[in-house]
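Undergrad: The sequence and its predicted three-dimensional model are supplied below.
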Amino acid sequence: MRVNTVKYETFDKGAGAPRAGSRLATSLTLAAMSLGYGVVQLDVTIVNTALDAMGKKLGGGVAELQWVVSAYTIAFAAFILTAGALGDRIGAKRVFMAGFAIFTAASLACALSPNAAVLIAARLVQGLAAAILVPNSLALLNHAYVDDRARGRAVAVWAAGASLALTAGPFVGGALITLVGWRAIFLVNLPIGLAGLWLSWRFASETTRAPSREIDLPGQLAAIGALAALAGAIIEAGALGFEHPAVIAALVGAAALAVLFVWRESRAGQPMLPLSLFSHRLFTLTTIVGLLVNIAIYGLIFVLSLYFQRINGLSAWWTGLAFVPMMGAVLPVNLLAPRLAERIGPCPTIVAGACISALGCLGLIRIEAGTSYWAIFAQMIAISGGLGLLVPPLTSTLLGSVEKARSGIAAGVLNATRQTGSVLGVALFGSLVASDAAFMSGLHQALIISAAVLMLAAAVIGLGASTKARAM
């Protein structure tokens with residue numbers, strides 16, 4: 001068959017080049033996929049350290065900075081399910097390489113942006129490319145590694161690389177801004193993108209195409225509109241107030257588009273979001289938890305970035321360093337989480353992680369302008385450590401709640417939901433600190449809301465799972 005000959009044919013792009021399907025080619029495919037996921041995660045955290053510098057150079061207030069962050073996550077959340085379907089339809093390698101090319105070009109556009117409006121538009125395109133990269137990198141890994149054990153190890157490397165990029169983002173961003181300027185945080189993506197493109201073209205083998213796989217365009221448009229309208233309403237409410245006609249109109253539009261999206265998905269032959277997945281109780285519970293956790297954590301990271309720079313006067317370099325321990329705590333706790341889940345169960349582990357993060361938020365309530373970094377160090381570690389504890393069992397529980405054949409779409413739903421939470425968290429918490437005069441009171445409100453949302457997440461999975469167990 002043609003697929004097999006493509007996989008095992010010898011490349012003629014250079015003497016001695018490894019064959020597609022050989023161990024070296026497979027390892028280099030893993031490297032390309034890791035670069036793809038890594039650069040996506042790098043841009044989640046690296047931008048936070050540049051917020052103050054971008055605001056000063058390009059003009060605009062907190063609302064514009066919220067859009068710089070949210071444009072990326074809105075596109076990421078809204079397109080990720082369709083991007084996976086597109087890879088199924090025309091080939092994951094082709095789509096992945098297109099995503100890398102778009103991401104690289106959009107990064108260059110971000111670096112060259114003359115004003116905030118152009119930067120926001122370029123970030124939107126970057127988010128679209130990120131949505132393309134993540135699901136198709138997993139599809140190509142699944143295709144490259146036939147053996148289950150080898151595939152598991154490859155996915156672990158892929159995820160660890162992303163965690164490393166997430167951790168390095170603030171430090172790398174702070175260093176680049178200090179030495180070169182804020183535009184350098186986007187230029188650093190160019191060599192990564194070119195390396196990823198070359199490795200993918202040279203060593204990755206194409207997946208089997210499924211031309212019958214349909215793209216749910218009406219559902220996609222409704223999802224984008226609903227998410228953008230909701231985020232826009234919350235962001236602009238920080239300056240205009242929730243009673244402003246434009247904010248009310250955006251909220252009504254978001255609700256109408258959300259209803260339209262659900263109606264469309266319930267009737268589509270090949271829906272973007274199969275609603276039947278939510279008939280699985282644990283799937284529904286873990287999806288809700290993923291949404292709530294990202295609202296709390298990523299909204300708080302946005303506000304803390306502004307606190308360090310605008311209130312405490314830290315440079316981008318020191319702000320980046322301030323976040324390194326917080327981000328660095330996630331990876332080792334990620335590795336411990338599966339062992340704890342084996343001992344006490346995945347749902348109790350998720351509950352424990354959410355409660356630890358909530359306690360960290362409550363421990364920061366007394367934070368004021370000029371508070372010593374070391375006075376809040378332990379609380380920040382608790383917030384990120386709790387996140388690291390709950391994510392692995394959350395993901396495995398969600399995947400285990402559905403049939404194996406639907407694990408890909410289930411993982412896509414979790415990613416989309418968590419990114420939606422990030423959008424809403426940044427929009428909500430940013431609106432609370434929109435005024436410099438009310439920044440500290442807004443930060444205190446954000447901490448209280450974060451703690452409440454995390455405790456709600458713990459209650460959802462704890463009580464929901466125990467109710468299911470009693471019903472069995």
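TA: Structure's in. What do you need?
Undergrad: pLDDT weak spots in the stretch 151-300 of the chain?
TA: Of all residues in the stretch 151-300 of the chain, those with pLDDT under 70 make up the ranges 152.
Undergrad: The same query, at a cut-off of 90, please.
TA: Screening the stretch 151-300 of the chain residue by residue with the criterion pLDDT under 90, one finds the ranges 151-175, 178, 202-220, 223-224, 227, 231-232, 234-243, 265-282, 298-299.
Undergrad: any idea where the helices of it begin and end?
TA: Listed in chain order, the helices of the stretch 151-300 of the chain (DSSP state H, counting those that start in this stretch) span 184-187, 189-203, 217-240, 245-267, 281-306.
Undergrad: Residue 31: which of these is closest?
TA: Minimum separation from residue 31 across the helices of the stretch 151-300 of the chain (Cβ to Cβ) falls at helix 189-203, 5.8 Å. Placement of C-beta: from N, CA and C, glycine included.
Undergrad: Using CSV, write out every CA atom in that closest one.
TA: Below are the C-alpha coordinates for helix 189-203, written out as CSV (Å, rounded to 0.1, in the frame of the first residue of the first chain):
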residue,chain,number,x,y,z
ASN,A,189,10.3,31.9,17.8
LEU,A,190,11.8,32.3,14.3
PRO,A,191,14.8,29.8,14.7
ILE,A,192,12.5,27.4,16.6
GLY,A,193,10.0,27.6,13.8
LEU,A,194,12.5,27.1,11.0
ALA,A,195,14.1,24.1,12.9
GLY,A,196,10.7,22.5,13.5
LEU,A,197,9.7,23.0,9.8
TRP,A,198,12.9,21.4,8.5
LEU,A,199,12.8,18.4,10.9
SER,A,200,9.1,17.8,10.1
TRP,A,201,9.6,18.0,6.3
ARG,A,202,12.7,15.8,6.4
PHE,A,203,11.8,13.1,8.9
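Undergrad: So residue 342 versus residue 349, what's the distance?
TA: With the distance defined as Cβ to Cβ, to the nearest Å, residue 342 ends up 9 Å from residue 349.
Undergrad: More neighbours: which of these two?
TA: residue 349 (25 against 11; other Cβ atoms under 10 Å).
Undergrad: Pretty sure that one sits against residue 396.
TA: No: with the criterion set as Cβ atoms under 8 Å, residue 349 and residue 396 do not qualify as a contacting pair; they are 10.0 Å apart.
Undergrad: For those two, list the residues in contact with both.
TA: Contact with both residue 349 and residue 396 is made by residues residue 341, according to Cβ atoms under 8 Å, 6 or more residues apart in numbering.
Undergrad: So which residue is dead centre in the chain?
TA: The geometric centre of the chain, computed from its C-alpha atoms, lies nearest to residue 419 (Cα atoms, centre = their mean), at 4.9 Å.
Undergrad: check which helix or strand covers that one.
TA: The secondary structure element spanning residue 419 is helix 407-432 (assigned by DSSP states H and E).
Undergrad: what comes up buried for that helix?
TA: Residues of helix 407-432 classed as buried by neighbour count (16 or more other Cβ atoms under 10 Å): 408-432.
Undergrad: and if you look at stretch 102-117?
TA: For stretch 102-117, using 16+ other Cβ under 10 Å, the buried residues are 102, 103, 104, 105, 106, 107, 108, 109, 110, 111, 113, 116.
Undergrad: Go through the helices of the stretch 151-300 of the chain and name the closest to residue 142.
TA: Using Cβ to Cβ as the criterion, the shortest distance between residue 142 and the helices of the stretch 151-300 of the chain is 15.1 Å, found for helix 189-203.
Undergrad: which helices and strands sit right next to that closest one?
TA: Here helix 189-203 is seen to pack against helix 23-45, helix 92-111 when contacts are counted using 3 or more Cβ pairs under 8 Å, 6 or more residues apart in numbering; DSSP states H and E.
Undergrad: now these in CSV, with distance to residue 78 and mean pLDDT?
TA: Formatted as CSV, the helices and strands packed on helix 189-203 follow (distance: least, Cβ to Cβ, whole Å; pLDDT from 0 to 100):
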stretch, distance to residue 78, mean pLDDT
helix 23-45, 15, 87
helix 92-111, 15, 94
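Undergrad: I'd like the ones you listed written out as JSON lines, with distance to residue 175 added.
TA: Listed next are the helices and strands packed on helix 189-203 as JSON lines, based on distance: least, Cβ to Cβ, whole Å:
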{"stretch": "helix 23-45", "distance to residue 175": "13"}
{"stretch": "helix 92-111", "distance to residue 175": "16"}
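Undergrad: Tell me which of those lies nearest to residue 164.
TA: Nearest of these to residue 164, taken as Cβ to Cβ: helix 23-45 at 7.2 Å.
Undergrad: give the contact list for residue 247.
TA: For residue 247, the set of contacting residues under the criterion of Cβ under 8 Å, 6+ apart consists of 233, 236, 237, 240, 241.
Undergrad: now residue 306
TA: With Cβ under 8 Å, 6+ apart as the criterion, the residues that contact residue 306 are 51, 52, 62, 65, 433, 439.
Undergrad: Tell me how many other residues crowd the last one.
TA: Each residue near residue 439 was counted by other Cβ under 10 Å, and the total is 19.
Undergrad: Residue 308 is in contact with that one, correct?
TA: No: contact status for residue 439 versus residue 308: not in contact, 11.9 Å apart, counting by Cβ under 8 Å.
Undergrad: in stretch 334-347, what counts as buried?
TA: Going by neighbour count (16+ other Cβ under 10 Å), the buried part of stretch 334-347 is 334, 337, 340, 341, 346, 347.
Undergrad: Identify the residue nearest the second one in space, chain neighbours excluded?
TA: Distances taken as Cβ to Cβ, 6 or more residues apart in numbering put residue 392 closest to residue 337, at 4.3 Å, once the chain neighbours are dropped.
Undergrad: which ones are touching that neighbour?
TA: Contact analysis of residue 392 by Cβ under 8 Å, 6+ apart lists 334, 337, 338, 341.
Undergrad: now swap in residue 451 and tell me
TA: Here residue 451 is in contact with 296, 358, 359, 361, 362 (Cβ under 8 Å, 6+ apart).
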